[in-house]
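Student: Below are the sequence and a predicted model; questions follow.
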Amino acid sequence: MNRWIAVGFIATGVLVLAFGYLIVSEDERQATAAERQQTDDIAAAADVYAINCAACHGAAGEGIANTPSLATDPLRNADAETIHKTISRGLYGTVMAAWSVDEGGTLSNRQVDQLVTLIQHADWDDVANQVSALGYTPPEPETIEVDTAALDQIKALPNGTAIANGLEIYNRECSACHSTELAPPLDTPELRSRLSDAELARIINEGVPGTLMAGWQGALTAQEITDVVTFIRNYDQLSQAGVEMPTAPPPPEIEITPELIADGQKLYDILCTQCHGSIGQGTPLAPALNAQQFLADTPDAAIMQIIAGGVPDTIMPAWSGRLTEADILALTAFIRSWEPTAPPVAQ
Ligand code: HEC
Ligand code: HEC
Ligand code: HEC
């Protein structure tokens, strides 16, 4: 009998030990899983950061011009929920937009959470490397130098004071993007004929959701916005009046080679046909890309941006995390290669 009691004790002991071991190893397992989760979150967030935030906050979160650094101890030690709110809702009256889908932005709640994890736990050197690998390291801002003689000439034009004031605002607030490859140039006849003054003012006030173009209504006064519009509207008159205006560099041109097109076709066949059709003719799921209208209206930079960032709230995926910049370039070259033979409108 005693023997059986002893066996019982031993068996119980073994069970308790085994159970204890299981609990400990479960804790360890969870800790490792949490670590792995954090690494994955940071990797996913780095792609989102590269596309959406680096242009203002810098590739390594160092801050650019009057945009604050995100690589700070106060932020690392802040309450995660507070940072989540800042990113989701934006900072009213500043160019820091509301990013959450719930607030009209483009990022899911989960993506905002991942960004918070990045801000609080990432090594910013790794983030900078990822931003650079994706091709989103911000270019050096350029400002347009206008000497006093030219400024006097501008002021002598009809509406000259407004134009000169608008130029000054453009230099300070807009040239970092619009005189670099980050944004389309604003000094083109195409833009002037496409957009009325009211439309220009609306875009500048409200911004273009889901892009770097923030709304300026909080940061600039109504008068300042009117002056910038007057400046954009009269850009060509400046040169006609003999004012020498330095021109912004043209948007990047893709040098289309047969190899690039072939690379793009390979990717297109695998990734895009099921929605856009085998020759870009469109399907019930997605619009035609092989159409004169679309190709004429959409510059290469815009096609690249759509492929990289996707179209929010539609099934058009964002490819930037999955494709390199070279891949996106190749896809754009392939899509552009349809232009000479594209039907006038989608079929
Ligand atoms: C158009 C430029 C711009 C973009 C793009 C931008 N920000 Fe900001 N951000 C700002 C500015 C400007 C501020 C500071 C506003 C103020 O308080 O004056 C700011 C503030 C912040 C703050 C608060 C910093 C602090 O110290 O409290 C966080 C966090 C932040 N941004 C995160 C992000 C994230 C994440 C993204 C990308 C999803 C992003 N920002 C994109 C301009 C930008
Ligand atoms: C942080 C970068 C950035 C800054 C700063 C910026 N923009 Fe933009 N802007 C963009 C981008 C990117 C687009 C293109 C958005 C899109 O894809 O539709 C754009 C688009 C525009 C457009 C529409 C152009 C078109 O062809 O439809 C206007 C007008 C404009 N911006 C004016 C301004 C003005 C004025 C300022 C300064 C007060 C300014 N932007 C500052 C990035 C910026
Ligand atoms: C799951 C379906 C799906 C896949 C896969 C897909 N797209 Fe799309 N795409 C869409 C939808 C839907 C739209 C239209 C979004 C909208 O309503 O603006 C779109 C829009 C676009 C546009 C803008 C068209 C326009 O008229 O403004 C481009 C460019 C584009 N896709 C390129 C691509 C490329 C390149 C690939 C492959 C790497 C791809 N898409 C894969 C669904 C898809």
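Tutor: Yes, it's here. Note that this is a predicted model, so its numbers are computed, not measured. Ligands and ions are numbered 1, 2, ... in the order given.
Student: any idea how far S100 lies from T117?
Tutor: Per CB to CB, to the nearest Å, S100 is found 16 Å from T117. Quick note: C-beta positions are derived from backbone N, CA and C, even for glycine.
Student: repeat for N109
Tutor: According to CB to CB, N109 and T117 sit 13 Å apart.
Student: Which of the two has more residues huddled nearby?
Tutor: Neighbours were counted for N109 and for T117 using other CB atoms under 10 Å; T117 has more, 20 against 12.
Student: For the more buried one, pull up the helix or strand it's in.
Tutor: helix 109-121 (DSSP states H and E).
Student: anything in that helix near ligand 1?
Tutor: Yes. Shown here: helix 109-121 in contact with ligand 1 (CB under 6 Å from any ligand atom) through L115.
Student: Next: stretch 167-181.
Tutor: No. On the criterion CB under 6 Å from any ligand atom, stretch 167-181 is out of touch with ligand 1, staying 8.4 Å away.
Student: So what would you say the end-to-end distance of stretch 310-328 is?
Tutor: The first and final residues of stretch 310-328 sit 12 Å from each other (CA to CA, to the nearest Å).
Student: on that earlier part again, next helix or strand past the helix holding T117?
Tutor: Heading C-terminal from helix 109-121, the first helix or strand you meet, by DSSP H and E, is helix 124-133.
Student: what about that following helix and ligand 1, touching?
Tutor: No. For helix 124-133 and ligand 1, the contact criterion (CB under 6 Å from any ligand atom) is not met; the two come no nearer than 11.1 Å.
Student: Kindly report the same for stretch 38-48.
Tutor: No. Using CB under 6 Å from any ligand atom, stretch 38-48 stays clear of ligand 1, coming no nearer than 6.6 Å.
Student: and if you look at stretch 72-83?
Tutor: Yes. Remark: stretch 72-83 sits within contact range of ligand 1 at L75, I83, by CB under 6 Å from any ligand atom.
Student: Could you give me the buried positions within that stretch?
Tutor: For stretch 72-83, a neighbour-count test (16 or more other CB atoms under 10 Å) marks L75, I83 as buried.
Student: Quote the end-to-end distance of it.
Tutor: Stretch 72-83 end-to-end distance (CA to CA) = 13 Å.
Student: how distant is that stretch from the center of its chain?
Tutor: Centre-to-centre, stretch 72-83 and its host chain are 23 Å apart (CA atoms, centre = their mean, to the nearest Å).
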